[in-house]
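Participant: I would like to see how this sequence folds:
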Amino acid sequence: MSQKIMNKVFVTAVLVLLFALPFLIEKSYTMYILNLVGIYAIMTVGLNIVLGYTGQISIVNAGFMGIGAYITALSIVKLGIPIYVALPMAGILTAGIGIIIGFPALRLGSHYLAMATLACNQAIQLIMIHWKSVTMGAAGVSLSSVNIGPIALNSNHRLYFLVIPIALILIYLYANIIKSKLGRSLIAVRDSEIAAQSMGVSLAKYKTTAFAISGFYAGIGGGLFALVIGYVSPESFGLNESVLHLAVLVIGGTATLPGPILGSIFFVIAPELFHWMVEYKVLVFSLISLIFIIFMPGGIYGLVKSGVPGWTFKRILKKA
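Facilitator: Coordinates of the predicted model:
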């Protein structure tokens with residue numbers, strides 16, 4: 001059997017399993033966890049476009065997520081806009097803000113860009129807190145059951161059929177972006193900006209495009225997050241959340257297709273298996289990220305691809 005056929009069989013099996021899960025799982029909380037995996041996969045995939053494939057350090061992903069969440073929640077609660085309009089609108093508007101925030105990337109690099117995006121994240125959170133006439137301030141915004149036509153999304157089982165299909169579509173688009181001319185141009189910018197410019201690649205165009213794509217993905221993810229949680233408040237989109245997004249990507253594997261998905265699965269499920277992690281989540285995942293950066297820069301996907309048995313203490317000693 002050829003590799004292509006095996007890949008198609010594998011993908012088909014995964015899709016069938018994903019479709020069957022809501023019918024096999026009765027517990028609402030388990031479905032809630034699966035919904036969170038899909039949401040974090042969306043947001044981390046977008047971050048991977050900026051960090052993994054364009055080489056731009058971004059610590060504003062939680063801010064993008066918050067913008068998408070608030071746009072979705074306020075559009076539904078205050079304006080009565082249906083979810084199938086509010087969600088794409090959240091992605092598009094957040095992409096626009098991503099372009100604006102991407103402009104500093106044209107002149108800044110390395111830790112300077114990281115500091116600039118960190119400041120943007122803090123500014124976004126402060127706006128959420130103090131623009132009380134729109135965002136309700138620290139009190140946040142509550143969402144009751146949302147409908148798509150006659151169908152009420154009033155359970156985690158029903159929300160699963162919204163979250164997972166959107167996640168699969170966006171991951172499919174992500175895979176095609178990386179394989180396209182756009183993806184190759186982003187990689188060229190990451191590898192050498194001077195060489196990329198000499199080949200006619202516009203730094204301004206592709207850096208801002210990367211931030212726009214990242215903003216779009218985080219905006220959609222934030223909108224879905226608002227629907228699944230049922231409540232939006234500024235404290236969910238601070239610096240800690242942005243650091244966790246970076247940790248998810250590093251642990252899963254930067255600049256890889258499956259890395260963000262594997263990292264999201266680990267990030268959501270690990271605290272459920274080890275309850276003590278919840279209280280020290282940021283610290284634990286930061287330390288795990290550091291370990292991966294030093295000893296396993298390929299992340300979980302790197303281990304899977306090379307074979308876990310191949311990861312030996314001899315390799316650790318070489319890294320050290």
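Participant: Residue 127: neighbour count?
Facilitator: Around residue 127 there are 16 other residues, counting by other CB atoms under 10 Å. (Glycine included, C-beta is placed from N, CA and C.)
Participant: And it, how far from residue 12?
Facilitator: Here residue 127 is placed at a distance of 45 Å from residue 12 (CB to CB, to the nearest Å).
Participant: Next, name the residue at the spatial heart of this structure.
Facilitator: By CA atoms, centre = their mean, the chain has its centre lying nearest to residue 43, at 1.4 Å.
Participant: Next, the buried residues of the top helix by length along the chain.
Facilitator: Counting by DSSP state H, the longest helix found in the chain is helix 203-229. By neighbour count with 16 or more other CB atoms under 10 Å, helix 203-229 contains the buried residues 203, 206-229.
Participant: And for stretch 28-44, what's in contact with it?
Facilitator: 21-22, 25, 61, 65, 155-157, 159-160, 163-164, 166-167, 170-171, 217-218, 220-222, 224-225, 228, 245, 248-249, 252, 260-261, 263-265, 267-269, 272 (CB atoms under 8 Å, 6 or more residues apart in numbering).
Participant: Apply the buried test to the residues you listed and list what passes.
Facilitator: 22, 25, 61, 65, 156-157, 159-160, 163-164, 166-167, 170-171, 217-218, 220-222, 224-225, 228, 245, 248-249, 252, 260-261, 263-265, 267-268.
Participant: how about low-confidence regions in the stretch 151-300 of the chain?
Facilitator: Counting by pLDDT under 70, not a single residue of the stretch 151-300 of the chain qualifies.
Participant: before we move on, back to that, just the buried positions in the helix or strand harbouring the residue nearest to the centre of the chain, please.
Facilitator: Counting by DSSP states H and E, the element that carries residue 43 is helix 28-51. The neighbour-count check on helix 28-51 (16+ other CB under 10 Å) flags 30-51 as buried.
Participant: quick one, strands of the stretch 51-200 of the chain?
Facilitator: 141-142, 146-148, 151-153 (DSSP state E, counting those that start in this stretch).
Participant: of all those, which lies closest to residue 83?
Facilitator: Nearest to residue 83 among those is strand 146-148; the distance by CB to CB comes to 5.1 Å.
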